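Trainee: here are the coordinates; sequence isn't available:
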């Protein structure tokens, strides 16, 4: 089997990282679109507070975010107990918890990108659609969403890249368990903590660079294709 | 179609108070920029929520603030052609057209078919193109087609030609005339262009500063407008300085200008200028003798030019020491053999003093 010079544990860390990042990104998109919509278009009391809350993970030390997650989503945490009881979804010390931490850390980046694209949408086009008989939900699905697609893609890729590199909140919340919560950055960190781990750290660092740069290039290609479809 | 509109709405410092009723095939909302025309059609379309209003089409109240009725735009079945076309940039022409069919065409209302609209507007060759690859005139044709395919009971057109050059305007105008003449759908047409309104409208609502100042058939409603500066380029208003004023025994005044003498009724202020629209000048070859008009001038034709539409000619007449612009039907010019150097009389049917 092609192993790129990686050990089995290292492969597991790479695969886990990709899985965590992808799930974090995919689960964030609908929520981020909704939040961005509220912030861009909504006129309601508490909008500034929501804005601040969304941006909190960006300005707090990641370890603080991780600790707050541990308090609220831990086994004894209010939300943790709720999800465990009603959905059978456990976050603490599981890969799902890593995904949750990554999603929350990447959320402000995603919301910002989508919000900018929503604010750039010409509302006159939405008005035109409604005079043609389209209900508000259909206007959103057929006009607004396609027009903000480049922003959603950009936000998704940012969130994915952020998730691939997330370390502080993840390790605080779900620790560093090989095969369950040890993502790429955690594995690199583990290598740096043991004598003779330099070679392993370097291998994983290269992998990390390749994945991040590929994601960025892919997003560029996608965004350009979408932009061409919309503008040309 | 009978449309009744009554709006009272405040937009910052601007107050819109418009009341009118119309039944025509093509009703023009005419007035200078900023007179509130667009706000009126936006209210009819349901895109603008007015403070107080009542909009009734064929007995159905679309907006009635008194009883709390305000149908959302997508349930009004009113087509809207905007000044800037507003085609969906992420769809090609065909998709833009079918979009309207998909939502609007469902109401069970009969209406033009896709094929007939494509044929009428000549957009067949454009169907696969993206909107950004269309010229301004083509975009506007597609926008008209899109609005028609939503099978509206009323079509609003907000300055659909304003952003187009003269050649493109001439490209679109025949389509609008066809819509009107074939009575496909009643139209409310917003414009600040006198030429367009005169050519298209069978009923005119004149607006100024947020209020309806006049309404009626074009001949009567537009009389005042002919003198207004907004349309000066199209109306070719002749402005002459009053050189001398003489009080006549019958109470009238004789105003001497470089073009000749005008008779004006007694007024409070002494006019310093008279304005005569080219449309208020009637050219005759024979001496009309005495006529109940403010003035009859004489002059020599200096030039005759066919206008873009090809139905009227712009005639420059040297009267006295002034060149006056007049208009004459092309048929008149052809039948009488009117040419440069000919001696003509000008009946001045209306004038404005300032």
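Mentor: Thanks, I have it. What you see is a predicted model; the values in this text were computed from it and never measured. Numbering: from 1, shown residues only, chains lettered A, B, ... in the order given.

Trainee: let me know the pLDDT of the nearest residue to residue B:137 once chain neighbours are set aside.
Mentor: With CB to CB, 6 or more residues apart in numbering or on different chains as the measure, residue B:168 is the residue that lies nearest to residue B:137, at 3.7 Å, once sequence neighbours are left out. For glycine as for every other residue, the C-beta is placed from the backbone atoms N, C-alpha and C. Note on residue B:168: pLDDT of 81.

Trainee: tell me the secondary structure at residue B:168.
Mentor: helix (DSSP: H, G, I helix; E, B strand; the rest coil).

Trainee: tell me which helix or strand residue B:283 sits in.
Mentor: Here residue B:283 sits within strand B:281-284, counting by DSSP states H and E.

Trainee: repeat for residue B:313
Mentor: Assigned by DSSP H and E, residue B:313 falls in strand B:312-319.

Trainee: can you tell me the strand partners of that strand and which way each runs?
Mentor: Sheet pairing of strand B:312-319 (DSSP bridges) gives strand B:295-306 (antiparallel), strand B:322-329 (antiparallel).

Trainee: check the offset of the first one from the chain's centre.
Mentor: The gap between where strand B:295-306 is centred and where its chain is centred comes out at 26 Å by CA atoms, centre = their mean, to the nearest Å.

Trainee: kindly report the same for the last one.
Mentor: The offset between the C-alpha centroid of strand B:322-329 and the centroid of the whole chain comes to 21 Å, using CA atoms, centre = their mean.

Trainee: now do the buried residues in the strand holding residue B:283.
Mentor: Going by neighbour count (16 or more other CB atoms under 10 Å in any protein chain shown), the buried part of strand B:281-284 is B:281-283.

Trainee: adding distance to residue A:39 as columns, could you present those residues in JSON lines?
Mentor: Output for those, formatted as JSON lines (distance: CB to CB, whole Å):
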{"residue": "B:281", "distance to residue A:39": "62"}
{"residue": "B:282", "distance to residue A:39": "65"}
{"residue": "B:283", "distance to residue A:39": "66"}
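
Trainee: could the residues you listed be laid out in CSV, adding distance to chain A and pLDDT?
Mentor: Below are those laid out as CSV (distance: CB to the nearest CB, whole Å; pLDDT from 0 to 100):
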residue, distance to chain A, pLDDT
B:281, 42, 87
B:282, 44, 88
B:283, 46, 90
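
Trainee: for those, which one is nearest residue B:213?
Mentor: residue B:281 (24.5 Å; CB to CB).

Trainee: quickly list what the closest one is bridged to.
Mentor: residue B:348.

Trainee: tell me how far the ends of stretch A:117-131 are from each other?
Mentor: 23 Å (CA to CA, to the nearest Å).

Trainee: as a whole number, average confidence for it?
Mentor: 92.

Trainee: that stretch near chain B at all?
Mentor: Yes. Counting by CB under 8 Å from any CB of the partner chain, chain B has neighbours in stretch A:117-131: A:122, A:124-125, A:127-131.

Trainee: and the stretch 51-200 of chain B, which of its residues are near chain A?
Mentor: Residues of the stretch 51-200 of chain B lying near chain A (CB under 8 Å from any CB): B:72-80, B:82, B:84, B:86, B:88-90, B:99-100, B:103-104, B:106-107, B:130, B:132-133, B:146-147, B:150.

Trainee: please pick the buried ones from those.
Mentor: Among those, the ones that count as buried (16+ other CB under 10 Å) are B:73-74, B:76-80, B:82, B:84, B:86, B:88-90, B:99-100, B:103-104, B:130, B:146-147, B:150.

Trainee: name the residues of whichever strand or helix holds residue A:57 that are buried.
Mentor: Residue A:57 belongs to helix A:47-59 when assigned by DSSP H and E. For helix A:47-59, a neighbour-count test (16+ other CB under 10 Å) marks A:51, A:54, A:57 as buried.

Trainee: also stretch B:27-43?
Mentor: For stretch B:27-43, using 16+ other CB under 10 Å, the buried residues are B:27-31, B:35-43.

Trainee: pLDDT weak spots in the stretch 101-250 of chain B?
Mentor: In the predicted model of the stretch 101-250 of chain B, residues B:104-110, B:183, B:223-235 satisfy pLDDT under 70.

Trainee: what of chain A?
Mentor: A:1-4, A:229-232.

Trainee: just give the nearest non-adjacent residue to residue A:78, would you?
Mentor: residue A:72 (6.1 Å).

Trainee: list the buried ones in the helix or strand hosting that neighbour?
Mentor: Secondary structure from DSSP H and E places residue A:72 in helix A:62-73. The neighbour-count check on helix A:62-73 (16+ other CB under 10 Å) flags A:62, A:65-70, A:73 as buried.

Trainee: right, I'll call it a day here.
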